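Asker: Structure, please.
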Amino acid sequence: MDQLHLEKITYLNWHDVEELRLTKEQKGYLDNNVGSLALAGVIREAGFHVFTFGIYLGEKPIGFVMIGYDIPLDVEDDLNEKYWFTRDSYFIWRFMIDKRWQGKGYGKQALELILDFIRSGPCRKAKYAWLCYANENEVARRMYAGFGFEEVPEAYDEDDGEMPAVLKL
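Answerer: Residues are numbered from 1 along each chain as shown. Here you go, the predicted structure:
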């Protein structure tokens, strides 16, 4: 049986995540993976820590994740005061499973791998991991709550419609 695993995105394999797609209903929830890879490059260039991984089932790419560490939310405004959980923490920035592989338990398995990576402290040990999801995305809400992520309603931003959720590591 093929093993689910994370593979670092490199020059040699970035095309593997280029063709991964969300369902029609999910398209507004995430940027495309190529845009995420470009953003990761710009953020790395600015001196911050960003990790990009393909989620593979054996040799088959089935998902993508981007993880940041201690990324300032906005250099102009002090959003980090509002978002108390962002400093010295890991941000699961982009996380998706291709529409052809959804509903088979791979999202949960992948999240376990992502959290194992975060807990290994690739930059340093952190107190929190956090993420955001569209407030109306009940599937994401239930999955993340099942892992112990707790919503932070006081940090909810109505303008972007994203609910932050925090996991104490």
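
Asker: burial count for the closest residue in space to residue 58 that isn't next to it in sequence?
Answerer: Distances taken as Cβ to Cβ, 6 or more residues apart in numbering place residue 2 nearest to residue 58, at 3.1 Å, with adjacent residues excluded. From N, CA and C alone the C-beta is placed, and that goes for glycine too. Residue 2 has 10 neighbours, counted by other Cβ atoms under 10 Å.

Asker: now swap in residue 8 and tell me
Answerer: As a measure of burial, residue 8 has 9 neighbours, counting by other Cβ under 10 Å.

Asker: which residues does residue 14 contact?
Answerer: By Cβ atoms under 8 Å, 6 or more residues apart in numbering, the residues touching residue 14 are residue 37.

Asker: And the pLDDT at it?
Answerer: Predicted confidence (pLDDT) for residue 14: 94.

Asker: mind checking which helix or strand residue 50 is in?
Answerer: Remark: residue 50 resides in strand 49-57, with elements defined by DSSP states H and E.

Asker: Who does that strand pair with, and is each partner parallel or antiparallel?
Answerer: When pairs are called by DSSP bridges, strand 49-57 turns out to pair with strand 4-8 (antiparallel), strand 60-69 (antiparallel).

Asker: Show me what the shortest one is in contact with.
Answerer: Residues external to strand 4-8 that are found in contact with it (Cβ under 8 Å, 6+ apart): 13, 51-57, 62, 65, 106, 109-110, 113-114, 117.

Asker: Those, buried ones only, as a PyMOL selection?
Answerer: Buried members of the contacts of strand 4-8, defined by 16 or more other Cβ atoms under 10 Å, are picked up in PyMOL with:
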select buried, resi 51+52+53+54+55+56+57+62+65+106+109+110+114+117
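
Asker: hmm, back to that, before we move on, what SS does the residue nearest to residue 58 have?
Answerer: Here residue 2 is recorded as coil under DSSP: H, G, I helix; E, B strand; the rest coil.

Asker: how about the strands in the chain?
Answerer: In the chain, the strands defined using DSSP state E lie at 4-8, 49-57, 60-69, 90-97, 128-134, 150-151, 162-168.

Asker: name the helices or strands packed onto the fifth one?
Answerer: Contact here means 3 or more Cβ pairs under 8 Å, 6 or more residues apart in numbering; DSSP states H and E; on that basis strand 128-134 packs against strand 90-97, helix 138-146, strand 162-168.

Asker: buried stuff in it?
Answerer: 128, 129, 130, 131, 132, 133, 134.

Asker: Tell me how far it lies from the chain's centre.
Answerer: Chain-centre distance of strand 128-134: 8 Å, with Cα atoms, centre = their mean, to the nearest Å.

Asker: CA-only coordinates of that strand in PDB, if you can.
Answerer: The C-alpha trace of strand 128-134 is given here as PDB (Å, rounded to 0.1, in the frame of the first residue of the first chain):
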ATOM      1  CA  TYR A 128       1.100  27.400  18.900                       C
ATOM      2  CA  ALA A 129       0.200  26.400  15.400                       C
ATOM      3  CA  TRP A 130      -2.600  28.300  13.700                       C
ATOM      4  CA  LEU A 131      -4.500  28.600  10.500                       C
ATOM      5  CA  CYS A 132      -7.500  30.300   9.000                       C
ATOM      6  CA  TYR A 133     -10.500  29.000   7.100                       C
ATOM      7  CA  ALA A 134     -13.500  30.500   5.400                       C
END
